[in-house]
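# show me how the following folds:
(one chain, ligands or ions: 1)
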Amino acid sequence: MRIDIITVLPELLKSPFDASILKRAIEKGLVDVHFHNLREYTTGNYRQVDDYQFGGGAGMVLMVEPIDKCISKLKSEREYDEIIYMTPDGKTLNQGLANEISLKKNLIILCGHYKGVDQRVRDMFVTREVSIGDYVLSGGELAAAVLCDAVIRLLPGVLNDETSALTDTFQDNLLAPPVYTRPASYKGKEVPKILLSGDFPKIERWREEQAIKRTKERRPDLLK
Ligand code: 6GU
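Here you go, the predicted model:
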């Protein structure tokens, strides 16, 4: 997979890709991530990327021309499966959407900022609009990092047995069961006996029961 991220704040976005699982995925060549600073696609002395909105009102809007220049350059170099715009009025990200996006080959992710982008960008280029939840962030950068993390960890070869996605919360629409590690007893709090029993079919059944119990208690909406 190749991901090209278009942003006015590349420095806000880079650090999550420089640690842990994402870093390892990049080093292994399983994903190729490129950052494009929108300011480098401006013309004129002021390197202007945004402007006041027509009709008046507070807040700046990212202009269509620099975004057009950047996207057109990328599209002249390769085919893209999706051009994703990060915006709070997009479709809310969930595990199903992350799974779907993880099957794509080349992605462009456009980060909004201020009041967002000129509507014509959305009409002309964007194939999908994604939000990460019902709250407002200062820009799409942190949301783009969240989307990339959720997607990249699903790519074949990124996770090993220790970090397997198969037992994640939300796989099969269930929350994950409780987990424990050493010591078996801590300040009078004991690890459930069954986990120490070595009876793996029984442990598997217990985990399934716990997952269902937890989902019923915390997220009954997932069971519908
Ligand atoms: Cl994708 N962008 C912004 N600015 N705020 C958000 C968001 C995106 N998703 C949730 N809140």
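# pop the domain breakdown of this structure in here.
Recorded structural domains for the chain (assignment: automatic domain parsing) are 2-152, 169-223.
# deepest of those domains, which one?
Neighbour counts (mean count of other Cβ atoms under 10 Å) averaged over each of these peak at domain 2-152, with a mean of 17. Heads up, the C-betas are built off the backbone N, CA and C, glycines and all.
# pull the distance from that domain to the chain's centre.
Averaged C-alpha coordinates place domain 2-152 at 11 Å from its chain's average position (Cα atoms, centre = their mean, to the nearest Å).
# near the ligand at all, that domain?
Yes - counting by Cβ under 6 Å from any ligand atom, the ligand has neighbours in domain 2-152: 86-88, 112, 131-133, 135-137, 139-140, 143.
# which parts of this protein are helices?
10-14, 20-27, 64-77, 95-101, 119-124, 141-152, 200-218 (DSSP state H).
# which residues are contacting the longest strand along the chain?
Taking DSSP state E as the criterion, the chain has its longest strand at strand 82-92. The contact list for strand 82-92 (Cβ atoms under 8 Å, 6 or more residues apart in numbering) reads 71, 97, 101, 104, 107-112, 116-117, 121-122, 125-137, 140, 143-144, 147.
# sheet-wise, list the partners of it with their directions.
strand 106-111 (parallel), strand 128-131 (parallel) (DSSP bridges).
# what would the ones you listed look like in TSV with mean pLDDT?
Converted to TSV, the strands paired with strand 82-92 look like this (pLDDT from 0 to 100):
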stretch	mean pLDDT
strand 106-111	98
strand 128-131	98
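# need these in JSON lines (columns: distance to residue 76).
JSON lines is the format used below for the strands paired with strand 82-92 (distance: least, Cβ to Cβ, whole Å):
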{"stretch": "strand 106-111", "distance to residue 76": "13"}
{"stretch": "strand 128-131", "distance to residue 76": "21"}
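# which one of these lies nearest to residue 151?
Closest to residue 151 of the strands paired with strand 82-92 is strand 106-111 (Cβ to Cβ; 8.2 Å).
# so what's the residue nearest to residue 59 when sequence neighbours are not counted scoring on pLDDT?
What sits nearest to residue 59 in space, not counting adjacent residues and going by Cβ to Cβ, 6 or more residues apart in numbering, is residue 115, at 3.6 Å. Listed pLDDT for residue 115 reads 87.
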